[in-house]
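K.L.:
Fold the following and give me the result.
(chains A and B)
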2 protein chains.
Amino acid sequence: MRNVAIIGVGSTPFGRVEGTGIVELAVSACREALAESHVHRARIQALYLGNFVGERLVNQGSLAALVAGRLGLAGIPATKVEGACASGGIALRHGVLGVALGLYDFVLVAGAEKMTSATTPEVTAALATAGDDAREMRAGLTFPGAFGVIAREHMTRYGTTRAQIGLVSVKNHAFGVANPKAQFRKPVTLDDVVNSRLIADPLRLLDCPPISDGAAAAVVCPAEMARDFHPRPIRVLGTGHATGPGTLWEMDDITTFAATVRASREAYAVAGLTPADIQVAEVHDCFTIAEIVATEDLGFFPKGKGGPAVEEGWTGLEGRVAVNPSGGLLSKGHPVGATGCAQVYEVVKQLRGEAANQVQNAEIGLAHNLGGTGVVSTVTILGRL
Amino acid sequence: MRNVAIIGVGSTPFGRVEGTGIVELAVSACREALAESHVHRARIQALYLGNFVGERLVNQGSLAALVAGRLGLAGIPATKVEGACASGGIALRHGVLGVALGLYDFVLVAGAEKMTSATTPEVTAALATAGDDAREMRAGLTFPGAFGVIAREHMTRYGTTRAQIGLVSVKNHAFGVANPKAQFRKPVTLDDVVNSRLIADPLRLLDCPPISDGAAAAVVCPAEMARDFHPRPIRVLGTGHATGPGTLWEMDDITTFAATVRASREAYAVAGLTPADIQVAEVHDCFTIAEIVATEDLGFFPKGKGGPAVEEGWTGLEGRVAVNPSGGLLSKGHPVGATGCAQVYEVVKQLRGEAANQVQNAEIGLAHNLGGTGVVSTVTILGRL
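P.N.:
Reported below is the predicted structural model:
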C-alpha cells in the first residue's frame, strides 16, 4: 500500500446557513480544499462524499454526482457513502484507500448536511433512522434518550458524576469561542449545563449538540507527491472502519462501543502506534457522555476513568491528550454527514500548527467518528509528514 | 489488479412483500448468495450495500451495518453507497475493486429497497430526490415527466415510433412470465401498452416500472480461488462508473446519457471487448424509452437506431444482443437500490446457463445501471471463467 497524505482541507462555517443549499455547502468546502491543495480540478479522479439524511431533510439524493458536476469534475466516479453520523469518516476512509491501493492519485473527499431548514421533530425523526427501526427505534427511542440511558449506566457502574459529564460541555464550549467555524462561540459554566432544560435524563440541553448546516472536505494524494502541492502535508498514518450492534439491547455493555474499539485497534495497528502516542483527538461528542465513552474506547483512559479524566483536565489543551479543541460537535456544531470530515479538518490544522486552539508541537492526532449507538465507527490517525 | 469472480448470487422475489422489513429483505438475498458461494460467513471481510431512499420510505439508515450485524458478520466494515437508482451497481463496483486491489479476499455485495409500504405520492417524491432539487425538480418535474420529454425528443429527432417504444414493454413483459422472481408475470400486447393510462406524454402506465420491494446480492473473491467455491464461477471482466449532468437542461443532447457512455467505455476498455462481443445485457429500462437510449449509449446500435432494433427483434432472445431477458425493471420490478445487483444476478445466471429465459451459449454479458436522468451510471461486464 502507498503512503497517503492530505494536501488540502476546507470547511464552511457550521450553524444555521440561510439561503444556501446542500450542494452549495459541499461545493464551498470542496473549493476551499482544492484551493489549498493547488491540485487542478482536471486531476481529481474520484469523489467520495458522506451524507446521511439529504434525501429526507432537503429532498436531495445523488449528492456526490451533483457536487462533482457543479465543481466541473465532469464524469468522474462520485460516490455518496452513508453510515449515519459516521458518513464523513467513511468517505475519508474510501478516498485514502483509493490512493493507498494505487487506483487513484488525487481524490476529493467531502461530507455535507443541511438540517436547519427542517423542523426539530423532523430532524429528530430523521436522525432516529440511524438506529434499528423495526427492533428498537419504532418503540419510541430517540438518540438523546439512548445516550441518556448510557449516561445513567456509566454513572451507576463507574461512579461518573453529573459534574464530570457536564464539564465536557464546559470544556468544548470554551474551545468553540476561538473557532471561527464554530456554531456556538460563547462559554458556558457547569451551572449553565446542569441547570439547562432537561432533554433525556440525566442529559440536558447543553449536553446535546445543535442542529447544524455545514460541509467539510479534504484532498488526498500519494505521500511522495504531497510536497509538490502543500508545504505542510499531513500523512494518513492509519484508518479503521468497523461495525457493532445496532440496538442497545444487543450490546453486552452499553458503556462501550465495540465498533470504536475495533476501528481504533485497526488504525493503531496500521499506524504502529498506541493511544499514548496521540497528542490531539477530535472525538464524536454527539452528547457529553459520548466523549467520555470515546476517550475510554480509544484507549486514552481505562474504562470508567473518562469522567475523572475530564475533571482532572487531562483532556484539556495541556492535558495528556487534548480532546475536541475545535469545540467538538457540542460547540462547533454537528451537520451529521459533514462531521467526520470536519474532525479531520481540525486535526490537519492542529498538525500544521494552524488551529484556533493550538496544541503545542502536535505531531500525531486522531479523528473518531461514530454512527448511532455504535453501529459503525471510523478512526483516522494523522501525523506530520 | 487481481482478476475477480462472482461465486454466489441471491435475490428475493420482487414485488409487494408484506410483513418483511428492508433489513430482512437484504439479509434474505445475502443468505442465498452466501449459501451458493459456500463461503463461511467468518471469511467475509467487507459488505457494500446499495440503497437509495431507506431513510425516507422506511425510516432506516445505517442499513449496511445493520445487515452485517444481522448476518453475524460481526464487526466488518460495512458501507452503504448511494447513487440514486444506480446504488446497487456502485456497491458491486466497490466490492470488485476491494478484491481486485488486494484489500479483501471475500466481499459481500447487496442492494435493497422497500417501497410498497409508502403511498405512491411519497414514492414519487422520494424518487425525485435523484434529480437536482434546487435547480430542476423543485419546479415540479418528476422522473416519468423527464423520461416523457426524452421520449418525445427521441421520436422527433430520430423518427422513433410510439410502437417501437411500446414494443420494449411487450418484450420485457413476455420475458417476465418465466422469471420466478419477477413482479409481473403476465404478457402484454402493444395495444395494451399504447392504450394504458397516460402518465407523462407520450409514456403510459405500461411504459413505466412498478413500485417494488426486493433485494439482491453477490459474493466476490479472487478469480484464482473461485473454483474452490462454485463449479461455475463468473469472472468480472470490467467495470465502469461515471457521472453526468444532473438536470435535463445541462445536457447537450437529452437523448443520450454521457454517464452511460463513459462508464461503458471504461468497462469495455478494462475488459478488452467491444459492444459486438456482448451476447446478453440487463440494461436500466426504468421506462421503455430508457432501454432504447441505453442500447444506443452502450454501443449495441447506432444513435437513433434503438427503436428499429426493437422492432426488428434484435434485442430478443435470439437477436444480436438479448436485452433484459429477466423481464427488466418494467416486468421484474424496480426496488431501486436493489436493481443494480439484480441485473448482475440475472447475467450471472445467464452465463451459468441457469436463466429462466436462457440465451443459448451465453459467454459474455453486461449489466447497466443508471441514476436519475444520467447523473450517474455503472456498467459491469461479466464472462465465464
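K.L.:
A:His306 contacts A:Gly159, doesn't it?
P.N.:
I think there's a mix-up here, since residue A:306 is Gly and not His. No: the pair A:Gly306 / A:Gly159 is not scored as a contact, 11.6 Å apart, by Cβ atoms under 8 Å. Quick note: C-beta positions are derived from backbone N, CA and C, even for glycine.
K.L.:
Who has more neighbours out of those two?
P.N.:
Each of A:Gly306 and A:Gly159 has its neighbours counted (other Cβ atoms under 10 Å in any protein chain shown); A:Gly306 has more, 29 against 11.
K.L.:
Roughly how far does that one sit from chain B?
P.N.:
Counting by Cβ to the nearest Cβ, to the nearest Å, the separation of A:Gly306 from chain B is 22 Å.
K.L.:
can you map out the helices along chain A?
P.N.:
Secondary structure of chain A by DSSP state H: the helices cover A:22-37, A:54-57, A:63-70, A:87-100, A:120-128, A:143-158, A:162-176, A:190-195, A:223-226, A:258-271, A:288-297, A:306-311, A:328-332, A:339-352.
K.L.:
so can I have JSON lines of those helices showing mean pLDDT and distance to B:Asp133?
P.N.:
Converted to JSON lines, these look like this (pLDDT from 0 to 100; distance: least, Cβ to Cβ, whole Å):
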{"stretch": "helix A:22-37", "mean pLDDT": "98", "distance to B:Asp133": "8"}
{"stretch": "helix A:54-57", "mean pLDDT": "98", "distance to B:Asp133": "9"}
{"stretch": "helix A:63-70", "mean pLDDT": "98", "distance to B:Asp133": "9"}
{"stretch": "helix A:87-100", "mean pLDDT": "98", "distance to B:Asp133": "19"}
{"stretch": "helix A:120-128", "mean pLDDT": "96", "distance to B:Asp133": "16"}
{"stretch": "helix A:143-158", "mean pLDDT": "98", "distance to B:Asp133": "26"}
{"stretch": "helix A:162-176", "mean pLDDT": "98", "distance to B:Asp133": "31"}
{"stretch": "helix A:190-195", "mean pLDDT": "98", "distance to B:Asp133": "38"}
{"stretch": "helix A:223-226", "mean pLDDT": "98", "distance to B:Asp133": "37"}
{"stretch": "helix A:258-271", "mean pLDDT": "98", "distance to B:Asp133": "32"}
{"stretch": "helix A:288-297", "mean pLDDT": "98", "distance to B:Asp133": "32"}
{"stretch": "helix A:306-311", "mean pLDDT": "98", "distance to B:Asp133": "42"}
{"stretch": "helix A:328-332", "mean pLDDT": "98", "distance to B:Asp133": "26"}
{"stretch": "helix A:339-352", "mean pLDDT": "98", "distance to B:Asp133": "22"}
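K.L.:
Buried deepest among those, which one?
P.N.:
helix A:328-332 (a mean of 32; mean count of other Cβ atoms under 10 Å in any protein chain shown).
K.L.:
Outside of it itself, list whatever touches it.
P.N.:
Helix A:328-332 is contacted by residues A:14, A:168-169, A:172-173, A:175-176, A:179, A:181-185, A:206-209, A:282-286, A:288, A:291, A:324, A:326, A:339, A:342 when judged by Cβ atoms under 8 Å, 6 or more residues apart in numbering or on different chains.
K.L.:
Would you convert the helices of chain A into TSV that also reports distance to B:Ala215?
P.N.:
Putting the helices of chain A into TSV (distance: least, Cβ to Cβ, whole Å) gives the following:
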stretch	distance to B:Ala215
helix A:22-37	28
helix A:54-57	19
helix A:63-70	23
helix A:87-100	21
helix A:120-128	23
helix A:143-158	27
helix A:162-176	41
helix A:190-195	45
helix A:223-226	40
helix A:258-271	24
helix A:288-297	32
helix A:306-311	40
helix A:328-332	33
helix A:339-352	27
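K.L.:
mind checking which of those is nearest B:Pro202?
P.N.:
Taking Cβ to Cβ, helix A:63-70 is the member of the helices of chain A nearest to B:Pro202, at 27.7 Å.
K.L.:
for the closest one, packing partners?
P.N.:
helix A:22-37, strand A:46-50, strand A:78-82, strand A:107-113, strand B:234-243 (3 or more Cβ pairs under 8 Å, 6 or more residues apart in numbering or on different chains; DSSP states H and E).
K.L.:
Parallel or antiparallel, list what pairs with the third one.
P.N.:
Pairing partners of strand A:78-82, with direction, according to DSSP bridges: strand A:46-50 (parallel), strand B:78-82 (antiparallel).
K.L.:
Report the angle between the first one and helix A:63-70.
P.N.:
Taking axes from the mean of the first three to the mean of the last three Cα atoms, to 10 degrees, one finds strand A:46-50 and helix A:63-70 inclined to each other by 130 degrees.
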